[in-house]
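> Fold the following.
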Amino acid sequence: MEDFYSVLTMLISGYLIRFSLIYSGQLWAKTFSQTVAFFILPIITFTITKTIYGNIALSLGMIGALSIVRFRHPVKSALELIIYFDLITIGIASSVKNSYAISLSLMTVAILICLKLINRSRNNSKKDNFYNISFNEGVDLNQIEVSSSEKIELIENNNNLKSLIQNSETSDYLYRLAFQDKETLNQFKKEIENLKSIKKIDVNYI
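Just a heads-up that it's a prediction; the model follows:
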């Protein structure tokens, strides 16, 4: 019965961590493979820990067997690696004491949600983002590309501007911006779409 509660704790923890990641804008957690990992990885770790507990020979054999196991896809961000480690630790903690796993899960969810709320409050108060948006984190973002015949200060002063290309032959400017949510992108689009210098606007929603 104790093992049943441990498995239940791990399943709920995996779901809560997935939900908090998606709420925080980490949409890579929505995929099927990631969802399966959130539910199964802690249970696998729990089973391994229970199996090798108190048996040195079996522990050494298990270490040798697991040493040949590799993730065959690149980890796209430090956060993804941390979440995997978090899920593994939840599985280990569940095999020792269920309260440890619950505490770690709740702390992880609380940190993710708090960071999201802090960033949202700063955006509402027109302050800079709590953190920068990066294309290198493996996170899909709402993007907009603006082609203009003149320099646009409104765009160049925007914190979501990620790249600027100036064509020396045509003197055109190409701006590329990324937004975490569709509403903010649409609001920005309304602010600039009536500017006469703009030639083209391309929008890519996630």
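> Now find how far off-centre stretch 14-33 is within its chain.
Centroid separation for stretch 14-33 versus its chain: 7 Å, with C-alpha atoms, centre = their mean, to the nearest Å.
> now the end-to-end length of that stretch.
13 Å (C-alpha to C-alpha, to the nearest Å).
> buried residues in it?
By 16 or more other C-beta atoms under 10 Å, the buried positions in stretch 14-33 come out as 14, 16, 17, 18, 20, 21, 24, 25, 26, 27, 28, 29. All C-beta atoms are positioned from the backbone trio N, CA, C, and that covers glycine.
> Go through those and say which is closest to residue 175.
Among the buried residues of stretch 14-33, residue 25 lies closest to residue 175 (C-beta to C-beta), at 22.0 Å.
> so that closest one, which of the three states?
In three-state terms, and counting by DSSP: H, G, I helix; E, B strand; the rest coil, residue 25 is coil.
> And residue 174, by the same measure?
Three-state call for residue 174 (three-state DSSP): strand.
> Show me the beta-bridge partners of it.
Assessed by DSSP bridges, residue 174 has beta-bridge partners residue 147, residue 165.
> give the contact list for it.
Counting by C-beta atoms under 8 Å, 6 or more residues apart in numbering, residue 174 touches 145, 146, 147, 148, 164, 165, 166, 167.
> coming back round to it: which of the buried residues of stretch 14-33 sits closest to residue 190?
residue 25 (21.8 Å).
> circling back to that earlier point, which member of the buried residues of stretch 14-33 is positioned nearest residue 54?
Residue 54 lies nearest to residue 14 out of the buried residues of stretch 14-33, by C-beta to C-beta, at 26.8 Å.
> Tell me both backbone torsions, phi and psi, for that closest one.
phi -60, psi -40 (degrees, to the nearest 10).
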